[in-house]
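In: Here's my sequence, what's the structure:
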Amino acid sequence: MGNWNSGKIYTHDDAPLVLIVLLNWESADETATAVASVQAMEYPNFRILVVDNASQDDSLDRLRSLTGQGVEILESPINTGYTGGCNLGMKRALEMNARYVWLLNNDATVAPHTLSSLVALAESDPSIGLVTPRIAALEEDRLTFAGGIVSMKEKLYNETHDPAVAEEWNTRYPGCGLVIGTAMLVRTDLIRKIGMLDTRFFAYYEDIDYSARSSQAGFRNIVDPNSVVHHLEKNRNTKPFEIKPHYWYYMARNESRFWRKHLGLAGSMKQIWYSFNGFLRHRNRLATKPESGEAILAGLWDGWLDRSGPYRPETRMPSLARAVVDLYSHRKALQPAEKLQPVRSS
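Out: Next up is the predicted model:
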């Protein structure tokens, strides 16, 4: 990563302008808490943009009280998903001529030095396009993300909570760093070169896609070891029953769509097959949560058809396809487990 002054103290005159984007959808309490957390940071030159993604509750009325003192509310007339909402923030950052936009989940908790550390690292090398802090569980110091790898040449992506593993991957796969969207600092020069988030993902995997596109454009994606953001963990391997159906749908759908986008249908078949088998294993584990199992099947089907858009609970895999999948899944369960391609777990 090179050397940079992680303890740099910025003044308003030498601190690049950063637009912090918080996406709200019917979660005004979380968003207000996030705004307060951000406002307590020591970094002297940032603005906050709260994008409301067509909330149907009283979110807007409650959030309007936050405006002023560097906080702006942008109302989207329709829910355009995580990608569309964040893209409104990216567009605003370009209009403001900000040097960076920080896409921050509204249920994340930041420390006073976080943004200063991220910006100092980004400023150390103009080839750095994306920077993320390490991510930890919400109310403990256990890391859930320390780094990752995404490589179209090697046809793989993976992430880890272990800093030593992350460092080994950085050495083995130079220029193939992965960041996740929980607290992703984006250089606006990168946006000007590769565009914004791909709205066809709607939610989930857009950050993996953006990491791949950043690397392909010659930028570096870096994890800052000197900053940690705490965030609610969604680990489909260790806590599958705590995860809501929409998450299962988007992950099952978008993983195959990601590989097809970058490798083409023929080139991505192996990765799609690994993904298909992995999600069937999850579905089998979730037998007591049929709504999640249905979401997985719908996601696999829509991913195969390369569909986009929001999750709809009534969406189902067609009955004939489901019968074939059920037969295969049952026969697969009777066979010894095979080693599957590592995939994103949180």
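
In: secondary structure element for A295?
Out: Using DSSP states H and E, A295 falls within helix 290-304.

In: and that helix, which residues are buried?
Out: For helix 290-304, burial by neighbour count (16 or more other Cβ atoms under 10 Å) applies to 292-304. For every residue, glycine as well, the C-beta is placed using N, CA and C.

In: got it, and stretch 97-117?
Out: Buried-residue list, stretch 97-117, by 16+ other Cβ under 10 Å: 98-111, 113-117.

In: Restricted to helices, list these.
Out: T114, L115, S116, S117 (DSSP state H).

In: re earlier: which helices and strands sit right next to the helix holding A295?
Out: Helix 290-304 sits against helix 245-285, helix 319-333, with contacts defined as 3 or more Cβ pairs under 8 Å, 6 or more residues apart in numbering; DSSP states H and E.

In: Was I right to think A298 contacts M251?
Out: No - the criterion here is Cβ atoms under 8 Å, and A298 misses it with M251 at 11.9 Å.

In: Tell me where the model's unsure across the chain.
Out: 1-7, 237-238, 333-346 (pLDDT under 70).

In: go with 50
Out: 1-4, 336-346 (pLDDT under 50).

In: before we move on, the earlier item: show me the contact partners of the helix holding A295.
Out: 240, 243-246, 248-257, 272, 276, 279-280, 282-283, 286-287, 311, 313, 315-318, 321-322, 325 (Cβ atoms under 8 Å, 6 or more residues apart in numbering).

In: Extract the CA atoms of stretch 258-276 and return them as PDB.
Out: Only the C-alpha atoms of stretch 258-276 are listed here, as PDB (Å, rounded to 0.1, in the frame of the first residue of the first chain):
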ATOM      1  CA  PHE A 258     -22.000 -10.700 -12.000                       C
ATOM      2  CA  TRP A 259     -20.100 -13.600 -13.600                       C
ATOM      3  CA  ARG A 260     -22.100 -13.400 -16.800                       C
ATOM      4  CA  LYS A 261     -21.600  -9.700 -17.100                       C
ATOM      5  CA  HIS A 262     -17.800 -10.000 -16.900                       C
ATOM      6  CA  LEU A 263     -17.100 -13.400 -18.500                       C
ATOM      7  CA  GLY A 264     -20.100 -13.900 -20.900                       C
ATOM      8  CA  LEU A 265     -22.500 -16.800 -20.600                       C
ATOM      9  CA  ALA A 266     -20.100 -19.500 -21.900                       C
ATOM     10  CA  GLY A 267     -17.200 -18.200 -19.900                       C
ATOM     11  CA  SER A 268     -19.100 -18.000 -16.700                       C
ATOM     12  CA  MET A 269     -20.800 -21.400 -16.700                       C
ATOM     13  CA  LYS A 270     -18.400 -23.000 -14.200                       C
ATOM     14  CA  GLN A 271     -18.800 -20.100 -11.700                       C
ATOM     15  CA  ILE A 272     -22.600 -20.100 -12.200                       C
ATOM     16  CA  TRP A 273     -22.700 -23.800 -11.500                       C
ATOM     17  CA  TYR A 274     -20.700 -23.400  -8.300                       C
ATOM     18  CA  SER A 275     -23.000 -20.600  -7.200                       C
ATOM     19  CA  PHE A 276     -26.100 -22.700  -8.000                       C
END
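
In: circling back to that earlier point, need the winner for burial among the helices and strands packed on helix 290-304.
Out: Across the helices and strands packed on helix 290-304, averaging neighbours per residue (mean count of other Cβ atoms under 10 Å) puts helix 245-285 on top, at a mean of 20.

In: Please name every helix or strand in contact with it.
Out: Under the contact definition 3+ Cβ pairs under 8 Å, 6+ apart, helix 245-285 sits against helix 206-216, helix 290-304, helix 319-333.
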